[in-house]
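Student: how would this look folded up:
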Amino acid sequence: MKIAIIGQQDFGKAVLEAFLARKDDVAGVFCAPEKPGAKADPLRAAAEEKGLKVFQFKSLRDAEAHDALTSLKVDIGIMAYVLQFAPDTLVKIPRLGTIQYHPSLLPKYRGPSSINWPIIRGDTRTGLTIFRPNEGLDEGPVVLRVVPGSPADKAAFARGHVITAAGGRKITRTDELLAAIAAAGTAKPLSLTAISAGGPKTVELLLEDAPREISFSGAGVLANKVSMDLRQTLEGYPGSANAAYARLNLGLIALGLRDYSGAHDAFIKAKNELPTSPGLSRGTAAFYAGVALEHLGYSKEALDEYTQASQDAGATLLAQDGPKVQDIAKRRLAALSGGR
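Tutor: Below you'll find the predicted structure:
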């Protein structure tokens, strides 16, 4: 089957290696460009080592990205750890559309910290989700979810198993499997039969549709809309002050949604991008990074961020003329130091 892989990092690399092991035809690999001086992305390095075409675009919205994917004439797109926004116009280009691999159980954990959160919150199980992406944050109809104790897990589907039937249809190619899944629809069981050296196995899987991450009512609509607008600013004006402020605000949204790991990541990046002038600045990001670290239980690291914030006399919170960060950071330092 002819495919294109869109992704990044070791997760994307692992997916690439799995498809190559299946002898699929990987026509091209798309990954985000590295920052100046950074090491080559693991997915990019692995693709180049195999002599595959590699495409790196600042934004997947660009016409060049659409043209590149169109020119490959692939059967299906495979997304794995994609930090760039992928519009519907892009994911619908392959003949059979696009599927995405997500390293946790949707819909509970979305976003780039989906591996970390089950561990931080002490969950006793996690899993893998394959879904059809739309323009939301890890949203779309779920194709397959594998968790400990699930039918797919009990069936012990693994590398080496070959699916021979789905929904009563004989399966000889991946596109036939995808067609059977599409025909079954959501909230309905689909019978899958796979064969290995140990013989055939059949399992009933229930196809589900992932709900929205944020309820589309009241403030939820605004939060979702604002998040998408901020991400568009980040991609459209990289390196600008507006992009830095957008990242700071994305961190604040994550903080409000209790995604403290995602908030911390955003604040650390914003700290390196914001201006040093009075108002919303690097001291602002340092203070909020300290708040996120406190919630995550990293008191020592939070102290370091509060110390940086307390040394920025011009930094403010909430707005350019908001309350001064310095005094508030000093109070947090005193509170944390006293509790040590």
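Student: which parts of this structure are strands?
Tutor: 2-7, 25-30, 54-55, 76-80, 98-102, 128-131, 142-146, 162-166, 169-170, 189-196, 199-206 (DSSP state E).
Student: can I get the fifth one as PDB, trimmed to CA atoms?
Tutor: Same thing as strand 98-102. Extracted in PDB, the C-alpha atoms of strand 98-102 (Å, rounded to 0.1, in the frame of the first residue of the first chain):
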ATOM      1  CA  THR A  98      -5.800   9.800   6.900                       C
ATOM      2  CA  ILE A  99      -5.600   7.900  10.200                       C
ATOM      3  CA  GLN A 100      -3.700   9.000  13.300                       C
ATOM      4  CA  TYR A 101      -1.900   7.100  16.000                       C
ATOM      5  CA  HIS A 102      -2.400   8.400  19.500                       C
END
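Student: what bridges to the residue lying closest to Val15 once chain neighbours are set aside?
Tutor: The spatially closest residue to Val15, leaving aside those adjacent along the chain, is Ala80, at 3.9 Å (Cβ to Cβ, 6 or more residues apart in numbering). Quick note: C-beta positions are derived from backbone N, CA and C, even for glycine. Using DSSP bridges, the bridge partners assigned to Ala80 are Gly7, Tyr101.
Student: domains in the protein, as residue ranges please.
Tutor: By the assignment in automatic domain parsing, the chain contains the domains 1-102, 219-338.
Student: contacting residues for the residue nearest to Gln56 when sequence neighbours are not counted?
Tutor: Excluding its sequence neighbours, the residue lying closest to Gln56 (Cβ to Cβ, 6+ apart) is Pro33, at 4.3 Å. Residues near Pro33 by Cβ atoms under 8 Å, 6 or more residues apart in numbering: 56-58.
Student: show me which of these is closest to Asn272.
Tutor: Nearest to Asn272, judged by Cβ to Cβ, of the contacts of Pro33 is Lys58 at 18.4 Å.
Student: burial measure for that closest one, as a count.
Tutor: By other Cβ atoms under 10 Å, 14 other residues sit near Lys58.
Student: separation between it and Gln8?
Tutor: Counting by Cβ to Cβ, to the nearest Å, the gap from Lys58 to Gln8 is 14 Å.
Student: then Glu273?
Tutor: Computed as Cβ to Cβ, the Glu273 to Gln8 distance reads 20 Å.
Student: ok, Lys73 next?
Tutor: 24 Å.
Student: one step back: now render the strands of the chain as CSV, adding mean pLDDT, distance to Ser113 and mean neighbour count.
Tutor: Output for the strands of the chain, formatted as CSV (pLDDT from 0 to 100; distance: least, Cβ to Cβ, whole Å; neighbours: other Cβ atoms under 10 Å):
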stretch, mean pLDDT, distance to Ser113, mean neighbour count
strand 2-7, 96, 17, 24
strand 25-30, 96, 22, 21
strand 54-55, 97, 27, 18
strand 76-80, 94, 16, 23
strand 98-102, 91, 12, 24
strand 128-131, 85, 15, 20
strand 142-146, 74, 19, 19
strand 162-166, 80, 32, 16
strand 169-170, 84, 38, 11
strand 189-196, 78, 31, 17
strand 199-206, 74, 27, 14
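Student: distance to Ile253 added to those, as CSV?
Tutor: Below are the strands of the chain laid out as CSV (distance: least, Cβ to Cβ, whole Å):
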stretch, distance to Ile253
strand 2-7, 25
strand 25-30, 27
strand 54-55, 30
strand 76-80, 23
strand 98-102, 20
strand 128-131, 23
strand 142-146, 25
strand 162-166, 40
strand 169-170, 44
strand 189-196, 37
strand 199-206, 33
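Student: and of those, who's closest to Ile328?
Tutor: Closest of the strands of the chain to Ile328 is strand 98-102, at 37.4 Å (criterion: Cβ to Cβ).
Student: so what touches the closest one?
Tutor: By Cβ under 8 Å, 6+ apart, strand 98-102 touches 6, 11, 15, 76-82, 86, 91-92, 110, 114, 128-133, 138, 140, 143, 178.
Student: do stretch 61-72 as well
Tutor: Outside stretch 61-72, the residues within contact range by Cβ under 8 Å, 6+ apart are 2, 4, 27-28, 30, 53, 55, 57, 59, 77, 85, 87, 89-90, 93-94, 235.
Student: quick one: low-confidence parts of the stretch 101-250 of the chain?
Tutor: Within the stretch 101-250 of the chain, the ranges that satisfy pLDDT under 70 run 112, 120, 146-161, 174-175, 185-187, 196-198, 206-229.
Student: quick one: residues contacting the nearest residue to Arg332 once chain neighbours are set aside.
Tutor: Excluding its sequence neighbours, the residue lying closest to Arg332 (Cβ to Cβ, 6+ apart) is Tyr306, at 4.9 Å. Neighbouring residues of Tyr306 by Cβ under 8 Å, 6+ apart: 286-287, 290, 329-330, 332-333, 336.
Student: now Ser281
Tutor: Contacts of Ser281 (Cβ under 8 Å, 6+ apart): 274-275, 312, 314-316.
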